[in-house]
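>>> Test case, fold it:
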Amino acid sequence: MRVGILGMLDNPYIADLQRAAREYHPGMETVSLRYSDLQVGLGRAEQPVAAAASSLASGGFVRDVFLQGSPSTPSTSSGSVTCDSPLFGSAPSGEAPSREVPSDQLRGLDALLVRSMPIGSLEQVIFRMDCLQTWQSRGLRIVNPPRSLEIAIDKWLCLQRLSEAEIAVPPTICCQTRSAAMEALQALGGDVLVKPLFGGEGRGILRVNDKDLAWR
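Below you'll find the model as predicted:
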């Protein structure tokens, strides 16, 4: 069995999963993957990623790019979506583009373990989720599933799901304006934790118990 582990490579959870695999499943091969390795593309399935990149960009890399073929030739042109990965090429003239193909690192995996979603731009996070959903739809077993990651990343949605399951959650107000936030501070007793809507691992959390600090 070949299992990929997607996450931050220096994370102790990754090392613990690898240790457990060696201890309890000696025949299991684990492959560590970074989120920056993720890519999907529209091109020829038989053309390796590295070869396509070499022919186009001589080994160069691009970041957060969406390229689409000319709408005037939809049947013979293709594009690519990449993230910190080599650029895919367009299908040669006269050849129809194939379906989306995963990066080389994911080919041959029996399962993919996803520990967390590291910090990134909105475009990066959306693209990473797109990648995971694409590979899940192609039959790759992903643990944790993409939908569970979406819920966990969105703090309000996560609390809402917990509340619907009759699991106790702290009094919480989600708002968009400064005046609404000041009203929420008063409604919650003047001593609150302020968290960004998206994110994890304790980033961006601030305790506020002073109105002047809250206004700033």
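>>> Excluding covalently adjacent residues, which one is nearest to N11?
Leaving out its chain neighbours, the residue that sits closest to N11 by C-beta to C-beta, 6 or more residues apart in numbering is R115, at 6.6 Å. The C-beta positions use only the backbone N, C-alpha and C, and glycine is treated the same way.
>>> Would you mind listing the residues in contact with that neighbour?
By C-beta atoms under 8 Å, 6 or more residues apart in numbering, the residues touching R115 are I5, L6, G7, M8, N11, Y13, I14, L17.
>>> So which of those belong to helices?
Assigned to helices by DSSP state H, the following of these qualify: Y13, I14, L17.
>>> Highest neighbour count among these?
Among the ones in helices among the contacts of R115, the one with the most neighbours (other C-beta atoms under 10 Å) is I14, at 20 neighbours.
>>> Give me the buried positions along stretch 123-134.
Residues of stretch 123-134 classed as buried: Q124, V125, F127, R128, M129, D130, C131, L132, Q133, T134 (neighbour count, 16 or more other C-beta atoms under 10 Å).
>>> Pick the one among those closest to G199.
When these are compared for distance to G199 (C-beta to C-beta), V125 wins out at 9.6 Å.
>>> Return the list of helices and strands in contact with the host helix or strand of that closest one.
Per DSSP states H and E, V125 falls inside helix 122-137. With contacts defined as 3 or more C-beta pairs under 8 Å, 6 or more residues apart in numbering; DSSP states H and E, the packing partners of helix 122-137 are strand 40-41, strand 111-114, strand 141-143, helix 146-153.
>>> Pick the most deeply packed of the ones you listed.
Scoring those by mean neighbour count under mean count of other C-beta atoms under 10 Å gives strand 40-41 as the most buried, with a mean of 23.
>>> Quick one: mean pLDDT over that strand.
Across strand 40-41, the average pLDDT comes to 69.
>>> With stretch 3-19 instead?
Computed over stretch 3-19, the average pLDDT equals 86.
>>> so what's S116 up against?
G7, M8, N11, Y13, G200, E201.
>>> Quick one: these as TSV, columns for distance to I151 too.
As requested, the contacts of S116 are exported to TSV (distance: C-beta to C-beta, whole Å):
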residue	distance to I151
G7	18
M8	21
N11	21
Y13	19
G200	12
E201	16
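>>> Can you flag the buried ones in the residues you listed?
The buried subset of the contacts of S116 (16+ other C-beta under 10 Å) comprises G7, M8.
>>> least trustworthy helix or strand in the chain by mean pLDDT?
Using mean pLDDT, DSSP states H and E, strand 80-82 stands out as the lowest-scoring helix or strand of the chain, at a mean of 38.
>>> Brilliant, that's me finished.
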